[in-house]
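Asks: predicted coordinates and the sequence they were generated for:
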Amino acid sequence: MKTNKIENAIIVRNKTRLEQLTARFNTLDQAKFYIAQSQKAYRHKKSSKIGFNLQHNLSNSFDKNLFSSSKNNFQYNKAVKPIGFNPLNEPFGIADNNIENRKIGYRNKSNKIKQVQQRIETPKKNISNDFSEYEQESQSFTISFNAIYKQLSEILKVKVIDQEYLSNYIFTEKDLVVVVGQDGLVANTAKYLNNIPIIAVNPDKNRYDGVLLPFTVNNFMGAVNNVLNNNFLQKKITMAEVRLNDDQRLLAFNDFYIGVSNHSSARYQIIYNNQTENHSSSGILISTGAGSTGWISSVFNMVNGLIGTFSGNLPIEKYNISQEDEKLLFVVREPFISKTSQAGVVAGVINKGEFLTVESFMPRNGIIFSDGIHSDYLTFNSGAIAEIGIAPEKAVLVI
């Protein structure tokens, strides 16, 4: 039974890969034609007599003057004794004293051509010039989406919003929000809802893991009715916020990246627990509990790999925080020690009521973006000061 409070169902979705390809090439037929032609050109190179890989390796790994070709038979220049592997991946080198065994290619033309042909069979089998995977994925999504739309439209007015328009839409407490897509869409949507509950539906369980997608097309209406009756179970997921000294603000469901938009060093001053340092690094990652198994976990993997390789000590334990813990974890990526930069403050936990403060020393290209979405960012150049802490809003996920 519908209450008076909720009047609209807002379905948030993202475009399928097939829809994105169609938009890129204007029509589906043009997209198919372009990719088919690209694959055809690739196969043509792979089926040439000397092979695509051989041409590539000759141009990149060897001096072409060392070789001569006569009717596709390669002759070895005996004045040179290369070490390593030849263009057809046959081993040779100084340790091999038999000059015949160091010839480039195979002993005779027929064997060489046979081997090259064998090498190109796999690409022919793996590369398909049809759109079956794109079309099957899109068809599965469309069937699920239509079923969701039909069920919702029987009890509420329904509006559909594509992910790209989320930042321009104003949600209200009169809206019931249903997310249909992958986990990342849930994270991106939550930042714009200001505590409005999310019913997240997995449209394709065969393709999507659905860590944040507890419902399917067949059972999501139970959650809808529970929300309409204001009697539902929920998980309140902690989000992070960054505020700049000019009052700009950004939220993150998973994580923030603070650094530069290219591969140069990020320069800034960092303040944490009354410690202040100047840094030159690859940037800072700040993660919520929801994001702690994502990007920031790769830093732990790197550290443990270094420890295991160079010291043999036991690996460090990853710092685990749950999605609902009011804590954030930060890590400085690849800090560089010099006369003007330190590396004492490289990791820590930000509890509720605490802040990590960062002042930009980057004249240009400084950036703060959230959840891996480069278009969801704040400019962070010299003069900008950021405070990062727990966001007052929660991502409310219906379970």
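Replies: Arrived safely, thanks for sending. Numbers count the residues shown, from 1 in each chain.
Asks: contacting residues around the residue lying closest to residue 181 once chain neighbours are set aside?
Replies: Sequence neighbours aside, residue 14 is the residue nearest to residue 181 in space, at 4.9 Å (criterion: CB to CB, 6 or more residues apart in numbering). To be clear about C-beta, it is placed using only N, CA and C from the backbone, and glycine gets the same treatment. Contact partners of residue 14, counting by CB atoms under 8 Å, 6 or more residues apart in numbering, are 162-163, 181-182, 185.
Asks: one more time with 7 Å
Replies: Taking CB atoms under 7 Å, 6 or more residues apart in numbering as the contact definition, residue 14 lies against 162-163, 181, 185.
Asks: okay if I get those as a markdown table plus pLDDT?
Replies: Formatted as a markdown table, the contacts of residue 14 follow (pLDDT from 0 to 100):
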| residue | pLDDT |
| --- | --- |
| 162 | 94 |
| 163 | 90 |
| 181 | 94 |
| 185 | 93 |
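Asks: show me the beta-bridge partners of residue 278.
Replies: As for beta bridges, residue 278 partners with residue 269 under DSSP bridges.
Asks: and the residue nearest to residue 181, its phi and psi?
Replies: Note on residue 14: backbone dihedrals following degrees, to the nearest 10 are phi -120, psi 160.
Asks: then residue 148?
Replies: The phi/psi pair for residue 148 (degrees, to the nearest 10) is phi -60, psi -50.
Asks: that one contacts residue 215, doesn't it?
Replies: No. With contact defined as CB atoms under 7 Å, residue 148 does not reach residue 215; the gap is 9.8 Å.
Asks: quick one, phi/psi of residue 214?
Replies: Backbone torsions of residue 214, given as degrees, to the nearest 10, read phi -80, psi -10.
Asks: again, but for the one 4 residues further on
Replies: Torsion angles at residue 218 (phi, psi; degrees, to the nearest 10) stand at phi -80, psi -20.
Asks: OK, contacts around it?
Replies: Not one residue lies near residue 218 by CB under 7 Å, 6+ apart.
Asks: roughly how far does it sit from residue 144?
Replies: The gap separating residue 218 from residue 144 is 10 Å, by CB to CB, to the nearest Å.
Asks: which residue packs closest to residue 245, ignoring adjacent ones?
Replies: Distance criterion CB to CB, 6+ apart; nearest residue to residue 245, sequence neighbours excluded, is residue 385 at 4.4 Å.
Asks: who does that neighbour form a beta bridge with?
Replies: Beta-bridge partners, per DSSP bridges, of residue 385: residue 359.
Asks: try the one 10 residues further on
Replies: In this entry, residue 395 is beta-bridged to residue 237, by DSSP bridges.
Asks: how is this structure partitioned into domains?
Replies: 8-16+138-237, 40-126, 239-393 (automatic domain parsing).
Asks: now the end-to-end length of the longest one.
Replies: Distances were taken as CA to CA, to the nearest Å; on that basis the terminal residues of domain 239-393 are 7 Å apart.
Asks: where's that domain relative to the chain centroid, distance-wise?
Replies: The chain centre lies 17 Å from the centre of domain 239-393; the measure is CA atoms, centre = their mean, to the nearest Å.
Asks: who wins for neighbours among the contacts of residue 14?
Replies: residue 181 (25 neighbours; other CB atoms under 10 Å).
Asks: who are the contact partners of that one?
Replies: By CB under 7 Å, 6+ apart, the neighbours of residue 181 are 13-14, 203.
Asks: that one and residue 397, how far apart?
Replies: For residue 181, the distance to residue 397 - CB to CB - is 14 Å.
Asks: next: residue 315.
Replies: 32 Å.
Asks: one more: residue 154?
Replies: Plainly put, residue 154 is 24 Å away from residue 397 if you go by CB to CB.
Asks: which of those two has more residues huddled nearby?
Replies: Taking other CB under 10 Å, residue 154 and residue 397 do not tie; residue 397 has more neighbours (22 against 9).
Asks: Validate this expectation: the more buried one resides in a helix.
Replies: No. Applying DSSP: H, G, I helix; E, B strand; the rest coil, one finds residue 397 to be strand, outside a helix.
Asks: with adjacent residues omitted, what lies nearest to it?
Replies: Per CB to CB, 6+ apart, closest to residue 397 is residue 235, 4.7 Å.
Asks: which SSE is that neighbour in?
Replies: Applying DSSP states H and E as the criterion places residue 235 in strand 234-244.
Asks: for residue 378, same thing?
Replies: strand 373-379.
Asks: one step back: want to throw the contacts of residue 14 into CSV with distance to residue 227 and secondary structure?
Replies: CSV is the format used below for these (distance: CB to CB, whole Å; DSSP: H, G, I helix; E, B strand; the rest coil):
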residue, distance to residue 227, secondary structure
162, 23, strand
163, 22, helix
181, 19, coil
185, 19, helix
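Asks: and which of those residues is nearest residue 260?
Replies: residue 163 (26.2 Å; CB to CB).
Asks: any chance of CSV for the domains of the chain, columns distance to residue 28?
Replies: Output for these, formatted as CSV (distance: least, CB to CB, whole Å):
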stretch, distance to residue 28
domain 8-16+138-237, 10
domain 40-126, 18
domain 239-393, 26
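Asks: which of the ones you listed has the lowest mean pLDDT?
Replies: The minimum mean pLDDT among the domains of the chain belongs to domain 40-126 (a mean of 48).
Asks: and residue 10, helix, strand or coil?
Replies: strand.
Asks: quick one, what contacts the residue nearest to residue 338 when sequence neighbours are not counted?
Replies: Among residues not flanking residue 338 along the chain, residue 280 sits closest, at 6.6 Å (CB to CB, 6+ apart). Going by CB under 7 Å, 6+ apart, residue 280 touches 265, 267, 336, 338, 341.
Asks: ChimeraX command for the buried members of those?
Replies: The buried subset of the contacts of residue 280, as determined by 16 or more other CB atoms under 10 Å, is captured in ChimeraX by this line:
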select :265,267,341
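Asks: of the contacts of residue 280, closest to residue 389?
Replies: Closest to residue 389, out of all of those and judged by CB to CB, is residue 267, at 22.7 Å.
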